[in-house]
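*Asks:* Predicted model and sequence below, questions to follow.
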4 protein chains.
Amino acid sequence: MSKPVLDCAGDDWHRSRVRVRYPEVDPQGVVHHAVYLHYLEIGRTELLRDLGTPYRDIERSGLRLMVTECGLRYLGSGRYDDVLVVKTRVSRVTKVRIFLLYEVVEESSGRLLCEASTTLAAIGATGRPCALPDGFSVALTSIRRGSGGASAS
Amino acid sequence: MSKPVLDCAGDDWHRSRVRVRYPEVDPQGVVHHAVYLHYLEIGRTELLRDLGTPYRDIERSGLRLMVTECGLRYLGSGRYDDVLVVKTRVSRVTKVRIFLLYEVVEESSGRLLCEASTTLAAIGATGRPCALPDGFSVALTSIRRGSGGASAS
Amino acid sequence: MSKPVLDCAGDDWHRSRVRVRYPEVDPQGVVHHAVYLHYLEIGRTELLRDLGTPYRDIERSGLRLMVTECGLRYLGSGRYDDVLVVKTRVSRVTKVRIFLLYEVVEESSGRLLCEASTTLAAIGATGRPCALPDGFSVALTSIRRGSGGASAS
Amino acid sequence: MSKPVLDCAGDDWHRSRVRVRYPEVDPQGVVHHAVYLHYLEIGRTELLRDLGTPYRDIERSGLRLMVTECGLRYLGSGRYDDVLVVKTRVSRVTKVRIFLLYEVVEESSGRLLCEASTTLAAIGATGRPCALPDGFSVALTSIRRGSGGASAS
C-alpha cells in the first residue's frame, strides 16, 4: 500500500529460544497451530529489545504496533518440552509498516516447523495509523545489518 | 477482611453452557486445568448479564472486578467437544468483595468435573479498592433469589 | 500439490457465533490476533457438525485434519464481549486437502474484522497424509450446495 | 486422603524465571489470573527437570501427574514484559500425591504477586491413580534438601 522507503533484502536472522509449554500442545500431541503466533510475537519482541527499543517502551511512547496481516506454513510438529528457535528478520520497512519474516526450528534436530510472515502497522495515540519514528526505522535496518556483520554491499 | 453486609446461603445456581474447544485440551486428552478459570469467568459474566449489569458496562462505569483468590478441585475430566454446564452462585457479598461458588458439570452425563470458588474485589478508577455500588450489591442478591423462585425468605 | 478433484466456487457461508472472552483481549483492548485462529477453528468445527460429521467422530475414526497453512488479514478490532459471526466456506477439496475461507464479522455493526484462509491435510493413524474418505469429500460439497439452496446442477 | 509417607517442612524454594507475554495480559493491563496456573506449571516442570526427571520422561514411562486441586491468592499485578520468578517448593509427598507450594514474584521489585498451592495425583497407564515410584518420591525430597545446601540439621 504505502511505498517502501527501506528494503532489507538480507538473509540475517535474529534468534530467540522458547520452550514448548504443556497447555500449548493439543490432543494430537503437537503444538497447536495458533500458538506459533505467540512464538512469532516473542521473536519480534526480543528483536526489538536487542535493538534497544523494547516494545513496552514503544507503547509507553504512545505508539502501538498492530498485526494487520499474517501467513504461516506448518512444515513439522513441535512437541511438549521441545526447545524451539524463533528466527526473525526484518523484510521491509515503509513509512507506517514493518514486514517481518520468521522461521521456527526445533533446536536439537534443526527441523523446520513453521515459516511465517507478519505485517505490523504503526498506530498512534488517536487510534489512527501514523508514521514510524525516523530513528526507529533506521534502527530496524541497523540491527539487521549489525547482526549480519560487515555487509560490504 | 471487610465485614459481610449480605449473606446468601441459598442453593440456587445460575447456569451457562460452554463447549470445550480443541486448544483447551492438553496432550492428556483432557481439558487443561487452567482453562476452568476461563469457564468460571464465563459463568459469572453470564450471571451478571442476566442480572442486567453486563460486566462490560461495569468496567465502562469505572469499576473493575479483580479476582483476588480462587480455589479449584478437579473431580473429573472434560474432553474435546463436550458441552459443559457452568453453575455459578453468589455465596456472599461484602462492601467491596463478591464471593462466588461454581460447579462445572458435563452436560450429557451429569458428571461433576470441577468445584470452585473465587473472590472478586471492586477496584475503582484510581486502582484502589472501592465499595460496590449499593444497587449492584442488592441486585446480586436479587438474581439469586429470583432464579430460585419462591423465596419465602 | 495434489490435483483438485472438486472446486467449490460458490459464495455461500456457514455461520457460527462466538462471544469474545475477557482473556482473549490484549492490553490494547482488542482481541489478540492469535485468537482469531481459535475462532476459525470453531467455524469449521460447527460446519463439520452441521454436515453430520463432527470432528470428534472424524478423529475417533483414525483420521486427523491438520492445519498446514493459514493466512489472515485483520481489518477491524474485536472488543471484549462482542458477539462475532464466523463465516466459513469450503473453497476447494482435493484428495488429501480441504481449503477453507473465513470472514469474522462483528454481529451488531456488521463490521468485517478478519478475512482468512486455512488449508487442512488429512493425516492417517500412522501419522502420514492419507486420502479423505470419498463420502466425506462429497459431504463437504453437499453442505455448501445444501446451504446455498437451488443447486441447479 | 492417603497417609503421608514423607513430610517436607523446609523453606527452600526452587526458582524459575518467566517473562510475561503480551497475550497473557488482559484489558486491565495486568496478567490474567488464569495465566498464573501456567506459570506454576513452569515452576514445577523446571523443578522436576533439575531433579533429573523431566516431566516429559515421566509421561513416557506411563505415569501422568494430574492437578487435582489448586488454590491461588493474588496479591499484586504482573505487567507486560515483567520478568517473574516462580518459586516452587515440595510441601509434602504421599504414596500417590505431591503437594506443592508456590510464590510468584516480580523480579526487579521483589513484589509478591501470587501465593499458590497445587496437589498432583499420579495416574497410571490405565487412567487409575497409582503409587509414585519410590525413587521419584525420594528424589522429590532430595532436591528440596539439595537446593537448600548442606542441611546438616
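*Replies:* Structure's in. What do you need?

*Asks:* Stretch A:123-141 near chain D anywhere?
*Replies:* No - against chain D, stretch A:123-141 shows no contacts by CB under 8 Å from any CB of the partner chain, the least distance being 14.6 Å. Backbone N, C-alpha and C define where each C-beta goes, glycine included.

*Asks:* Report the distance from that stretch to the chain centre.
*Replies:* 16 Å (CA atoms, centre = their mean, to the nearest Å).

*Asks:* What residues sit buried inside that stretch?
*Replies:* A:123, A:129, A:130, A:132, A:136, A:137, A:139, A:140 (16 or more other CB atoms under 10 Å in any protein chain shown).

*Asks:* Please apply the same query to stretch A:59-75.
*Replies:* Residues of stretch A:59-75 classed as buried by neighbour count (16+ other CB under 10 Å): A:59, A:63, A:64, A:65, A:67, A:68, A:69, A:70, A:72, A:73, A:74.

*Asks:* Kindly report the same for stretch A:13-28.
*Replies:* Those would be A:13-16, A:18, A:20-28, for stretch A:13-28 by 16+ other CB under 10 Å.

*Asks:* Output the residues you listed as a markdown table; include the columns secondary structure and distance to chain B.
*Replies:* As requested, the buried residues of stretch A:13-28 are exported to a markdown table (DSSP: H, G, I helix; E, B strand; the rest coil; distance: CB to the nearest CB, whole Å):
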| residue | secondary structure | distance to chain B |
| --- | --- | --- |
| A:13 | coil | 28 |
| A:14 | strand | 27 |
| A:15 | strand | 26 |
| A:16 | strand | 22 |
| A:18 | strand | 17 |
| A:20 | coil | 10 |
| A:21 | coil | 10 |
| A:22 | helix | 6 |
| A:23 | helix | 4 |
| A:24 | helix | 8 |
| A:25 | strand | 5 |
| A:26 | coil | 6 |
| A:27 | coil | 5 |
| A:28 | coil | 9 |
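
*Asks:* With distance to chain D added, can I get those residues in TSV?
*Replies:* Below are those laid out as TSV (distance: CB to the nearest CB, whole Å):
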residue	distance to chain D
A:13	21
A:14	16
A:15	16
A:16	11
A:18	10
A:20	10
A:21	6
A:22	6
A:23	6
A:24	9
A:25	11
A:26	15
A:27	14
A:28	15
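
*Asks:* need the buried residues of stretch A:59-75 in a markdown table with pLDDT and secondary structure, can you?
*Replies:* Listed next are those as a markdown table, based on pLDDT from 0 to 100; DSSP: H, G, I helix; E, B strand; the rest coil:
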| residue | pLDDT | secondary structure |
| --- | --- | --- |
| A:59 | 92 | helix |
| A:63 | 93 | coil |
| A:64 | 94 | strand |
| A:65 | 96 | strand |
| A:67 | 97 | strand |
| A:68 | 97 | strand |
| A:69 | 98 | strand |
| A:70 | 98 | strand |
| A:72 | 98 | strand |
| A:73 | 98 | strand |
| A:74 | 98 | strand |
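
*Asks:* among those residues, which two are most distant?
*Replies:* A:63 and A:74 (31.7 Å; CB to CB).

*Asks:* near chain C, anything from stretch A:35-52?
*Replies:* Yes - counting by CB under 8 Å from any CB, chain C has neighbours in stretch A:35-52: A:35, A:37, A:38, A:41.

*Asks:* host element of residue A:49?
*Replies:* Using DSSP states H and E, residue A:49 sits within helix A:35-50.

*Asks:* before we move on, what about residue A:115?
*Replies:* strand A:112-123.

*Asks:* Buried residues in that strand, which are they?
*Replies:* So strand A:112-123, judged by 16+ other CB under 10 Å, has buried residues A:113, A:114, A:115, A:116, A:117, A:118, A:119, A:120, A:121, A:122, A:123.

*Asks:* Please apply the same query to stretch A:43-54.
*Replies:* For stretch A:43-54, by 16+ other CB under 10 Å, it's A:43, A:44, A:45, A:46, A:47, A:48, A:49, A:51, A:53.

*Asks:* where's the residue most central in space within chain A relative to chain D, distance?
*Replies:* Centroid check for chain A by CA atoms, centre = their mean gives residue A:44 as the closest residue, at 3.3 Å. Residue A:44 sits 10 Å away from chain D, going by CB to the nearest CB, to the nearest Å.

*Asks:* need the contact list for that residue.
*Replies:* Going by CB atoms under 8 Å, 6 or more residues apart in numbering or on different chains, residue A:44 touches A:55, A:88, A:100, A:118, A:120.

*Asks:* I'd like the residues you listed as JSON lines, with pLDDT and distance to chain D appended.
*Replies:* Shown next, in JSON lines, are these (pLDDT from 0 to 100; distance: CB to the nearest CB, whole Å):
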{"residue": "A:55", "pLDDT": "95", "distance to chain D": "7"}
{"residue": "A:88", "pLDDT": "96", "distance to chain D": "15"}
{"residue": "A:100", "pLDDT": "97", "distance to chain D": "15"}
{"residue": "A:118", "pLDDT": "98", "distance to chain D": "13"}
{"residue": "A:120", "pLDDT": "97", "distance to chain D": "12"}
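
*Asks:* now the residue lying farthest from the centre of chain A, nearest residue through space, not along the chain?
*Replies:* The centre of chain A is farthest from one residue, residue A:27, which by CA atoms, centre = their mean lies 27.4 Å away. Nearest in space to residue A:27, with sequence neighbours left out and distances taken as CB to CB, 6 or more residues apart in numbering or on different chains, is residue B:25 at 4.7 Å.

*Asks:* Let me see the contact set for that neighbour.
*Replies:* Each residue near residue B:25 by CB under 8 Å, 6+ apart is listed here: A:26, A:27, B:31, B:32, B:78, B:79, B:80.

*Asks:* how close does the second one sit to residue B:23?
*Replies:* Residue A:27 is 9 Å from residue B:23, where distance means CB to CB, to the nearest Å.

*Asks:* With residue A:103 instead?
*Replies:* Residue A:103 is 23 Å from residue B:23, by CB to CB.

*Asks:* Which positions in chain A make contact with chain B?
*Replies:* So far as CB under 8 Å from any CB goes, chain A lies against chain B at A:22, A:23, A:25, A:26, A:27, A:29, A:32, A:34, A:35, A:80.

*Asks:* Recalculate using a threshold of 6 Å.
*Replies:* For chain A, the residues in contact with chain B (CB under 6 Å from any CB of the partner chain) are A:22, A:23, A:25, A:26, A:27, A:29, A:32, A:80.

*Asks:* okay if I get these as TSV plus pLDDT?
*Replies:* Listed next are those as TSV, based on pLDDT from 0 to 100:
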residue	pLDDT
A:22	97
A:23	97
A:25	97
A:26	92
A:27	89
A:29	91
A:32	98
A:80	97
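
*Asks:* which residues does residue A:105 contact?
*Replies:* A:85, A:112 (CB atoms under 6 Å, 6 or more residues apart in numbering or on different chains).

*Asks:* can I assume it sits in a helix?
*Replies:* No - Residue A:105: not assigned to a helix; according to DSSP: H, G, I helix; E, B strand; the rest coil it is strand.

*Asks:* Run through the bridge partners of it.
*Replies:* residue A:85, residue A:112 (DSSP bridges).

*Asks:* Okay then, goodbye and thanks.
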